[in-house]
Structure formats: C-alpha cells, structure tokens
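In: for reference, the sequence and a predicted model appear below.
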Amino acid sequence: MTRKYKDLVGDGGSNIAGQVEALTDRLSSRLRQIKRVIAVLSGKGGVGKSTLTANFAAAWQRMGLNVGVLDADLNGSCMAKLLGVRGYRIQESEQGVEPATSPHGIRLMSMDFFMPDEAQPLIWRGPQSHQHAWRGMVEANALREMLSDTHWGRLDVLVLDLPPGGDRITAVCDTVGPLSGAVVVGLGSEVSQLIVGKSIRLVRDHLGQETFGLVTNMRQYYDPETNRLLPLFDSGTVDPIDLEQLGDVPFDPRMVGCCDRGVPFVIAHPDAPASIEIRRIAQLVIERGQS
Amino acid sequence: MKFLCSECQEAMKLDKTGGLEDDGTFSVRFACPSCDWGFVMWTNPQETQMVRSLGVKIGGSHVPPAPMETLRAHLGTTEGTPSGKCPFSAMLPED
C-alpha cells in the first residue's frame, strides 16, 4: 500500500512551509501595532476610491488619529501624487522600510516608491511568457511585504486603497485576515450598482468581512457659483444596493486641482459640502469600528 | 509537494539544490534516506518563478529575508538588497 501525502511527515527538508509560516508571523507582528485596518474598495474602476481614500485619511488625521495608507493598486498607483509625496525614494531603518510621510502627517507605502521612473508600467522580472501562471502570486506577495516590512509605527488606522476587480480584494483579505471593515464606493448608476453589488457579496457574504457601508460618490455636484447641489448624471432611478448607505459625497470641480496639487480636498476646502460629508462619514466609520 | 521512494515507502529528503540555469530552470536533488536512491527534479521557468514568488528559499534559510526582498528582486532593484544581482537568487539558500 503506497503511503499517501498526509502520511509523509515534514516537507523533506525544503522547509517551504516553515518559511511561509515565518513570513506570516512577521506580518502578524506588524499588524499588532495597528488598531484598525480599513479597506476602501469598489470592484468598479473610476468611482473615486483613491480620491476618497486620501480624503478619509486626511479627515482621520485631522481627528487626531495616526493614519497610514497602503496603495494596494500596484499597477495603477496614484496615492503618492494625491497625498503630495511624489518622488519619495524608499529608505530603510532597523525597523524596516520607512514609509513616506505626507505634509499632513499621513504615512504612505506605494509601489511608486520602488519604480525608477513613475511613468513606466510595472513589469516584473521573470519569464515573460505565461505570466498568468505567476503574476498574481508575485503581486499578492508584494502586498504582503509592503504590509509587513513597512515601519508603520503605531497606527490608529491603516487604510487600504484597493484596485478595481475582485481578485485583489480576495488576495488582500487572505493576506490581512479579518479587516476592521470595508468602505464600499459606488456611483449610483445601474452599471456601478451591478459591479459594486458583486464586490459587496464577495467581501461580506463569501469572505465574511465586516462592511461599514456604501458611499455613493459623485451622484451630485456642488456648484460654488450658486451654492447648490445638482445631479451630475441623468441616471434615473436605480435599484437600491443591499448595503447600508453611509453617505453621499458630491463632486466639486475644485477636487481635480487638489488631486493634481497633492492636497486633500478636506484640508484645502474644509467648509465645502463634500468635505463636510467626508468628515461625517469618516467619523461614522471610526465609531462603527469601535463597536 | 512531497516525494516517496516507491521501494522503501520512505519520504525522500532534499539532498542539495543545484544551480540556476540561464533559462530560468532550477534543479533540486532528492534522495531516499533508506536506500540512497536519488533523483533530480528540474523546474521549468514558470515553476521556478512560482516558488520564487512565495518569498521563500528552497532548502530553508537561517537568515530572515531583507525587508521587501522579494518585491525588489522581482523589480530588479538592487538598492539595499544583497541578493539583488541575480533575478532568481532570492530563492536560493545562503551558503
């Protein structure tokens, strides 16, 4: 009778499992210094996740919390620009790789800091044929290292800015374990609801993660000339999504300039309706994360 | 992945890791601890890359990996990475 896999004790000396366990311990040790890990996700691209992430981070920082941001969008990272730390080059200390610190005190780790030229696409070294066999694994491992090897220090909040698509959501949840919760961002259109709905079911129902609620972004815009909120899209009535609505952030034309200058909108225009709504949602999320 | 000596029903043990080839293939020799029969496993470049992607070293390591070692090795960035010269060196144990 041939002995089976489970009958063979150990891994024959390759020690792969032991090393993976050590890497997991390293991540756990780092995460123990972080009170809350909050993911901002959508599943849908172009809904304003990164802009909202930068502004939530700034709002929490202004509430007196120590805040870090991990730009988990490895292939489309923009958080360095949004937070005004473009061009930062990684530095090491005995505690790990030092994150950039924005002018407003937010710590950031981004793939941009490793790239020799931020205009270049992310190209991993390795066999260029059949990349599907290994690229996802490389990127999941890169995210694990960016979490575990960054000297975040003691944080009240670590915000994960996730890229579109369900695959990265799964990889991040698998790496981090239980999140404090996820903030889901959508646009309020039918197309957005369709894709965002899938992400909600993936994160909440399949992965069993906490979800704080849905933020609808840019359904309206603020007209500074008339001081009014007006509908931005002619999207009609759409079926409500199966998740509590946390808030409704209006677009403000001045946001574009803030993004380009690397200044969070909530800091540049604290009295604008969008800033007031972002701070209200930020407060709500922190309260829910404590309960 | 585990290997079994079909004659002795003993788990094969890692004997030594071979060098990496220019084409990205990699060899590991396993031997049976009872009868000393052995074989060499060659990985194809994609299999080599998959193992390398895990951030581990075949045969184990006594030295913890440098911060973000695997990420930087995959980018080909040598800043602060002692094993950064060879694109596959991150998966080899230190001698």
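Out: Nice, thanks for sending it over.

In: endpoint to endpoint, stretch A:164-183 covers what distance?
Out: 14 Å (Cα to Cα, to the nearest Å).

In: whoops, stretch A:41-54 was the one
Out: Criterion Cα to Cα; first-to-last residue distance in stretch A:41-54 is 13 Å.

In: and the pLDDT at the residue of the stretch 151-291 of chain A found nearest chain B?
Out: Minimum separation of the stretch 151-291 of chain A from chain B (Cβ to the nearest Cβ) falls at A:His151, amounting to 8.5 Å. For the C-beta atoms, the positions are set from N, CA and C on the backbone; glycine is no exception. What the model reports as pLDDT for A:His151 is 98.

In: same thing with A:Lys4?
Out: Model confidence at A:Lys4 (pLDDT) stands at 94.

In: what residues does chain A put near chain B?
Out: A:2-3, A:5, A:8-16, A:18-20, A:22-23, A:26, A:90, A:92, A:96-97, A:114-116, A:124-127, A:130, A:133-134, A:137-138, A:141-142, A:144-146, A:149 (Cβ under 8 Å from any Cβ of the partner chain).

In: hmm, 6 Å instead?
Out: Counting by Cβ under 6 Å from any Cβ of the partner chain, the positions of chain A adjacent to chain B are A:3, A:8, A:12-16, A:19, A:23, A:92, A:96-97, A:114, A:124-127, A:130, A:133-134, A:137-138, A:141-142, A:145, A:149.

In: leaving out chain neighbours, which residue sits closest to the most centrally placed residue in chain A?
Out: What sits nearest the mean C-alpha location of chain A, by Cα atoms, centre = their mean, is A:Asp161, with 1.4 Å. Nearest residue to A:Asp161, sequence neighbours excluded (Cβ to Cβ, 6 or more residues apart in numbering or on different chains): A:Thr53, at 4.1 Å.

In: thinking again about what came up before, the residue of the stretch 151-291 of chain A closest to chain B and A:Gly96 touch, don't they?
Out: Yes - counting by Cβ atoms under 6 Å, A:His151 touches A:Gly96, with 4.0 Å between them.

In: helix or strand: which one has A:Met218?
Out: In the assignment (DSSP states H and E), A:Met218 maps to strand A:211-223.

In: just the C-alpha atoms of the next helix or strand along the chain from that strand, please, in PDB.
Out: Along the chain past strand A:211-223, the next helix or strand (assigned with DSSP H and E) turns out to be strand A:228-231. The C-alpha trace of strand A:228-231 is given here as PDB (Å, rounded to 0.1, in the frame of the first residue of the first chain):
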ATOM      1  CA  ARG A 228     -26.300  74.400  -4.800                       C
ATOM      2  CA  LEU A 229     -26.100  70.600  -5.200                       C
ATOM      3  CA  LEU A 230     -27.200  69.500  -8.700                       C
ATOM      4  CA  PRO A 231     -27.500  66.000 -10.200                       C
END
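
In: run through who's touching strand A:228-231.
Out: Contacts to strand A:228-231, defined as Cβ atoms under 6 Å, 6 or more residues apart in numbering or on different chains, come from residues A:220-223, A:250.

In: try 7 Å
Out: With contacts defined as Cβ atoms under 7 Å, 6 or more residues apart in numbering or on different chains, strand A:228-231 is touched by A:220-223, A:250, A:273.

In: including pLDDT, could the residues you listed go into TSV?
Out: As requested, these are exported to TSV (pLDDT from 0 to 100):
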residue	pLDDT
A:Gln220	92
A:Tyr221	93
A:Tyr222	93
A:Asp223	90
A:Pro250	97
A:Pro273	96
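
In: please convert those residues to CSV, extending it with neighbour count.
Out: Below are the contacts of strand A:228-231 laid out as CSV (neighbours: other Cβ atoms under 10 Å in any protein chain shown):
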residue, neighbour count
A:Gln220, 21
A:Tyr221, 18
A:Tyr222, 23
A:Asp223, 13
A:Pro250, 22
A:Pro273, 19
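
In: and of those residues, the nearest to A:Gly213?
Out: The closest of the contacts of strand A:228-231 to A:Gly213 turns out to be A:Pro250 (Cβ to Cβ; 17.5 Å).

In: doesn't that closest one lie inside a strand?
Out: Yes - counting by DSSP: H, G, I helix; E, B strand; the rest coil, one finds A:Pro250 located in a strand.

In: how close does it get to A:Pro231?
Out: 10 Å (Cβ to Cβ, to the nearest Å).

In: next SSE downstream of the helix or strand containing A:Arg168?
Out: Assigned by DSSP H and E, A:Arg168 falls within helix A:166-176. Following helix A:166-176 in sequence order, the next helix or strand is strand A:181-186 (DSSP H and E).

In: okay, the angle between that next one and helix A:166-176?
Out: 170 degrees (axes from the mean of the first three to the mean of the last three Cα atoms, to 10 degrees).

In: direction included, what does strand A:181-186 pair against?
Out: strand A:34-41 (parallel), strand A:211-223 (parallel) (DSSP bridges).

In: need the winner for burial among the ones you listed.
Out: Comparing the strands paired with strand A:181-186 by mean neighbour count (mean count of other Cβ atoms under 10 Å in any protein chain shown), strand A:34-41 ranks first with a mean of 23.

In: middle-most residue in chain B, spatially?
Out: B:Ile58 (3.2 Å).

In: wait, that one sits on B:Gly18?
Out: No - checked against Cβ atoms under 7 Å, the pair B:Ile58 and B:Gly18 is beyond contact range at 10.1 Å.
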